[in-house]
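In: Below is the sequence, then the predicted model.
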Amino acid sequence: MTKWIALPAACVAAAALAVTVEAAPKSTAKSSSPKAKTTTKPPSTTPAKGSSNKTTKTSTSAKSDHAGGSKAKAPKSTTTTWQPTNAVAEKLMTKPNQLAKLKAVLPAGTDINAATAGFKNFGQLTAAVNVSQNLGINFADLKAAMTGTTIAGDRTNQPTKSLGQAIQQFKPGVDGDAEAAAATARASKEAGQ
């Protein structure tokens, strides 16, 4: 019989102890239930030299008899699932390559919904990401100039600009219209993937 212990992640981390749950030993008769061993080892309160206490290690191993037993599922990750709240974010969720590109130009921990809010469509967002990467213009600055909202979703109370105008503002020596056209063409190709 397997015992399951459900504790909030914060309690497990705060307790700084190891918990091992193991199935009953195998009897001589064939069993269809899996044998699972789960070990959760939270970070210690005093890390060893050269180690870090930032992560919790969890390992699961499972064995199943060939008599139809099921395998034990790995523990669920503590990563929260992102739920899009606007049409551009919904489209972005279906495009993992573009999502990765956006995350690369955002500060760590930025809310994706706030970062995508205000863009008229997915192509406009993708073009802005392309310009940010290609010309080294801060994405937050581009977004604020193009949408009138900051990366956090606050209003700037400034008039909005086209992508070309925003490029001219941040890179005066660059042909903003040509760069915007190239970024928009690439965004159209990427949206079709």
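Out: Received it, and whenever you're ready, just let me know what you need.
In: quick check: domain ranges of the chain?
Out: Using automatic domain parsing, the domains assigned to the chain come out as 9-63, 87-191.
In: Could you tell me the least trusted of those?
Out: Among the domains of the chain, domain 9-63 has the lowest mean pLDDT, at a mean of 43.
In: what about stretch 135-151, how long is it end to end?
Out: 19 Å (C-alpha to C-alpha, to the nearest Å).
In: residues making contact with it?
Out: 102, 105-107, 110, 114-115, 117-119, 124, 128-129, 131-132, 155-163, 165-167, 169-171, 174, 179 (C-beta atoms under 8 Å, 6 or more residues apart in numbering). Every residue, glycine included, has its C-beta placed from N, CA and C.
In: Buried residues in that stretch, which are they?
Out: 137, 139-140, 142-151 (16 or more other C-beta atoms under 10 Å).
In: Show me the residues you listed that map onto helices.
Out: Taking DSSP state H as the definition of helices, the buried residues of stretch 135-151 contribute 139-140, 142-147.
In: just these now: which is nearest residue 86?
Out: residue 147 (11.4 Å; C-beta to C-beta).
In: for this protein, which helix is longest?
Out: Max-length helix for the chain by DSSP H is helix 176-191.
In: Any chance you could give me that helix in PDB, C-alpha atoms only?
Out: Below are the C-alpha coordinates for helix 176-191, written out as PDB (Å, rounded to 0.1, in the frame of the first residue of the first chain):
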ATOM      1  CA  GLY A 176      13.000  53.500 -39.200                       C
ATOM      2  CA  ASP A 177      10.600  52.800 -42.000                       C
ATOM      3  CA  ALA A 178      12.900  50.300 -43.800                       C
ATOM      4  CA  GLU A 179      13.700  48.500 -40.500                       C
ATOM      5  CA  ALA A 180      10.000  48.400 -39.600                       C
ATOM      6  CA  ALA A 181       9.100  46.900 -43.000                       C
ATOM      7  CA  ALA A 182      11.800  44.200 -42.700                       C
ATOM      8  CA  ALA A 183      10.700  43.300 -39.100                       C
ATOM      9  CA  THR A 184       7.000  43.200 -40.200                       C
ATOM     10  CA  ALA A 185       7.800  41.000 -43.200                       C
ATOM     11  CA  ARG A 186       9.700  38.600 -40.900                       C
ATOM     12  CA  ALA A 187       6.900  38.700 -38.400                       C
ATOM     13  CA  SER A 188       4.400  37.700 -41.100                       C
ATOM     14  CA  LYS A 189       6.500  34.700 -42.000                       C
ATOM     15  CA  GLU A 190       6.900  33.700 -38.300                       C
ATOM     16  CA  ALA A 191       3.100  34.000 -37.700                       C
END
